[in-house]
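Asks: Give me coordinates for this.
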Amino acid sequence: MAQRDPVADISVQFGGLGIRSYSVKNEYKKIMKQLKDDFEEILRDQRNQADGSLKQEISGQKIPLMYIVNTLKYAWRQHELYIEQMPSDVTVLFVGMNPAPDTPSGIPFGHEKMIRKLFGIDISKEKLDGIPPILKSKQYVDKYGKSRDCVSGRRFWKFTNRPVADIDQVRKQSFVMNCSPLLFTGRTEKWNGPKEKAYQKNISLNDLKYYKHQLVRNLMEKSEDALKRAINLLQPKLIVAFGQYVEERLEKLGFSTSYVVRVTHPSPIVDGQEDNEADPDTGDDKWIAKVKEELKKNSRWNELMRANQNSISY
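Replies: Numbering: from 1, shown residues only. Below you'll find the model as predicted:
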């Protein structure tokens, strides 16, 4: 699937997994820091200094692209702390799409409460360094006028951290990253009380293909190059892709389909259902059960499970 990484090989020669883990983490940090800096170089002259919006909106499928936010820039410390908790040997790599407005935290699937509980990292917006004004705005609310809970993050971290044998080993040997750490939003109109009011809407990577602009292409090329380098460095035995878009990107980057398994994305939008705040566990449990069934159909996943059958039982 991936070429051997010389840094990992050298580190094994000089002391085993401890040094290898240290070297891989440092190389991974270098990849992501370079990506952060590349984004800033590309975006530097494209944004208004006052609020970080694009000087020229980019037309697309439905709404104009108005903000491109480099989440690594202001959540770099949180991202570093997450990298430090990377396992020494990443057996399973989960790959998501990109941050949503409710998760601009430097950590994929950044559910604030669960990240604090599981990793001891505070990703609240108050702790982010120089967060763009738009992400503090009340324009980022759900249809009821409340700050939205990160449903995708809640479901994902529940899946990988349930206190049962069949999930525990996955958590210990897994890591998660996104296709891109960039957040894209566009201006639209929303019915809000007695009159129409402009608000910001997330533009997914799947919809970004309709925004045929050189700026977007340059940013995504940098994202995909970093993703490929990171996967080649980590050398997971299996990549779990959340959704068709991620699967297609990985295939484009040259990763064999025998090493990639696609599962349903944890977003409730995928199921065409709103999250039930009164009973979130029901929707979460349904998604987790569905993903486990999808994984069980993959031969490589089953091989990994058998290899860890003392710890994992499916």
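Asks: residue ranges with poor pLDDT in the stretch 151-300 of the chain?
Replies: For the stretch 151-300 of the chain, the stretches with pLDDT under 70 are 162-171, 188-200, 271-279.
Asks: what's the helix or strand for residue 177?
Replies: Assigned by DSSP states H and E, residue 177 belongs to strand 174-178.
Asks: Now stretch 32-39 - C-alpha only, CSV.
Replies: C-alpha atoms of stretch 32-39 as CSV (Å, rounded to 0.1, in the frame of the first residue of the first chain):
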residue,chain,number,x,y,z
MET,A,32,1.2,19.2,9.3
LYS,A,33,3.2,22.3,10.2
GLN,A,34,4.4,22.6,6.6
LEU,A,35,0.8,22.3,5.5
LYS,A,36,-0.3,25.0,8.0
ASP,A,37,2.4,27.3,6.6
ASP,A,38,1.7,26.5,3.0
PHE,A,39,-2.0,27.4,3.5
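Asks: Give me the three-state assignment for residue 251.
Replies: Taking DSSP: H, G, I helix; E, B strand; the rest coil as the rule, one finds residue 251 in the helix state.
Asks: what's the burial count for the residue nearest to it when sequence neighbours are not counted?
Replies: What sits nearest to residue 251 in space, not counting adjacent residues and going by C-beta to C-beta, 6 or more residues apart in numbering, is residue 257, at 6.5 Å. Quick note: C-beta positions are derived from backbone N, CA and C, even for glycine. Per other C-beta atoms under 10 Å, the neighbour tally for residue 257 reads 10.
Asks: In this model residue 239 seems to touch residue 257, though I could be wrong.
Replies: No - contact status for residue 257 versus residue 239: not in contact, 10.1 Å apart, counting by C-beta atoms under 8 Å.
Asks: tell me the phi and psi of the residue nearest to residue 251?
Replies: Residue 257 has phi and psi values of phi -60, psi -20 when expressed as degrees, to the nearest 10.
Asks: separation between it and residue 125?
Replies: In this view, residue 257 and residue 125 are 39 Å apart by C-beta to C-beta, to the nearest Å.
Asks: Then residue 210?
Replies: 29 Å.
Asks: What of residue 104?
Replies: Residue 104 is 8 Å from residue 125, by C-beta to C-beta.
Asks: between those two, what contacts are shared?
Replies: Both residue 104 and residue 125 are in contact with 131, 135, where contact means C-beta atoms under 8 Å, 6 or more residues apart in numbering.
Asks: More neighbours: which of those two?
Replies: residue 104 (23 against 16).
Asks: Let's verify that one: helix, strand, or coil?
Replies: coil.
Asks: what sits against it?
Replies: So residue 104 contacts 69, 71, 75, 110, 125, 128, 131, 135, 183 (C-beta under 8 Å, 6+ apart).
Asks: Can I get the residues you listed in CSV including distance to residue 44 and secondary structure?
Replies: Formatted as CSV, the contacts of residue 104 follow (distance: C-beta to C-beta, whole Å; DSSP: H, G, I helix; E, B strand; the rest coil):
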residue, distance to residue 44, secondary structure
69, 14, strand
71, 17, helix
75, 19, coil
110, 25, coil
125, 23, helix
128, 20, coil
131, 18, coil
135, 19, helix
183, 17, strand
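Asks: what's the closest of the residues you listed to residue 204?
Replies: The closest of those to residue 204 turns out to be residue 183 (C-beta to C-beta; 10.6 Å).
Asks: tally of neighbours for that closest one?
Replies: Residue 183, neighbours per other C-beta under 10 Å, totals 21.
Asks: Could you do residue 172 as well?
Replies: 14.
Asks: That one: what's it in contact with?
Replies: Contacts of residue 172 by C-beta under 8 Å, 6+ apart are residue 87.
Asks: Equivalent analysis for residue 65, please.
Replies: 54, 57, 58, 59, 184, 185, 186, 203, 211, 213, 216.
Asks: 6 Å instead?
Replies: Contacts for residue 65 (C-beta atoms under 6 Å, 6 or more residues apart in numbering) come out as 58, 186, 211.
Asks: Let's see which of the residues you listed end up in helices.
Replies: Of the contacts of residue 65, none are assigned to helices by DSSP state H.
Asks: Let's have those residues in TSV, adding neighbour count and distance to residue 121.
Replies: Output for these, formatted as TSV (neighbours: other C-beta atoms under 10 Å; distance: C-beta to C-beta, whole Å):
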residue	neighbour count	distance to residue 121
58	20	33
186	21	29
211	19	32
